[in-house]
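Q: I would like the atomic coordinates for the input below:
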Amino acid sequence: MMIVHDWPAGPYPARVRIALAELGLRERVRFETVDLYKGEHKREAFRAQKNFSGTLPVLELEDGTCIAECTAITEYLDHLEGAPRLTGANPRQRGLIHMMSKRAELEVLDAVSVYFHHATPGLGPTVELYQNPEWGLRQRDRALRGIRYFDGVLRAQPHVAGEAFSMADITLAGGLIFAGLVQLEIPEGCDALAAWWDRLQQRPSVANRVALSEA
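A: Residues are numbered from 1 along each chain as shown. Have a look, this model is predicted:
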């Protein structure tokens, strides 16, 4: 039994829960809640024992090995049962999926995260020890530009990295989940991305992403 150190409403942990559901691995993990609003992920013990970066999620293996970062966790999970389904089955697919996943992370998900932590109350004064509202607003605008970029991508193909659902779709989904939490709406005219997001939310892995972490 593996452990996922998790925060149920977190957009980054949602990426791993979606991957677990898509791969049929939910029964092989249990979830340990780490309270972000109490700053439990920043405490010395957590950083020393689980993840030096002080972020979630973290996958803890049966031997105590801890794997942080959503991309690394998804890569590990995708190779547990043989042929990978989310990270690419050949070099071309792997290259495209990882490229587009990184773009979704940088241009949307991480940008929304910076906006949340710097230009909104974020996780509260106990956790948000430094805020730069101007930087946060600039990253909000970057996220909106990123969303428009992916709208263009999705006008040409059904999924973020091509014809098939992949880790890149999960990463962009994380960005839109976060955007919804901070009430950052999909810009008008991004019809292809909005349609993709509607389709994605019909997938049980996405629709049930919060319930997946419940006992």
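Q: Please list all residues in contact with His79.
A: For His79, the contact set (CB atoms under 8 Å, 6 or more residues apart in numbering) comprises Thr87. Where C-beta positions appear, they are placed from N, C-alpha and C, glycine not excepted.
Q: Check it and give its pLDDT.
A: The model reports His79 with a pLDDT of 96.
Q: residues contacting Ile170?
A: By CB under 8 Å, 6+ apart, the contact list for Ile170 reads Arg15, Ile18, Ala19, Glu22, Thr74, Leu86, Ser101.
Q: so which strand or helix has it?
A: Ile170 belongs to helix 167-181 when assigned by DSSP states H and E.
Q: and that helix, how far from the chain's centre?
A: 6 Å (CA atoms, centre = their mean, to the nearest Å).
Q: re the thing from before, quick check: the farthest pair among the contacts of Ile170?
A: Farthest pair in those (CB to CB) is Glu22 and Ser101. Separation: 14.2 Å.
Q: Just want to know which of these two has more residues nearby.
A: Ser101 (27 against 23; other CB atoms under 10 Å).
Q: Give me the buried positions along the biggest helix by length in the chain.
A: Longest helix in the chain, counting residues (DSSP state H): helix 133-156. Neighbour-count burial for helix 133-156 flags 136, 138-140, 142-144, 146-147, 149-151, 153-154 (criterion: 16 or more other CB atoms under 10 Å).
Q: Measure how buried the closest residue to Tyr149 other than its chain neighbours is and give me the count.
A: Using CB to CB, 6 or more residues apart in numbering and skipping residues adjacent in sequence, the residue nearest Tyr149 is Glu107, 6.4 Å away. Close neighbours of Glu107, defined as other CB under 10 Å, add up to 21.
Q: what's the answer for the one 10 residues further on, then?
A: Here the neighbour count serves as a burial measure; for His117 (other CB under 10 Å) it reads 19.
Q: does it really touch Tyr130, like I thought?
A: No. Using CB atoms under 8 Å, His117 makes no contact with Tyr130, being 9.2 Å away.
Q: can you name the farthest residue from the center of the chain?
A: Centroid-distance maximum for the chain: Asp63 at 25.2 Å, with CA atoms, centre = their mean.
Q: Distance of that residue relative to Ala72?
A: In this structure, Asp63 and Ala72 are 16 Å apart, going by CB to CB, to the nearest Å.
Q: Val34 now?
A: From Val34 to Ala72 the distance is 18 Å (CB to CB).
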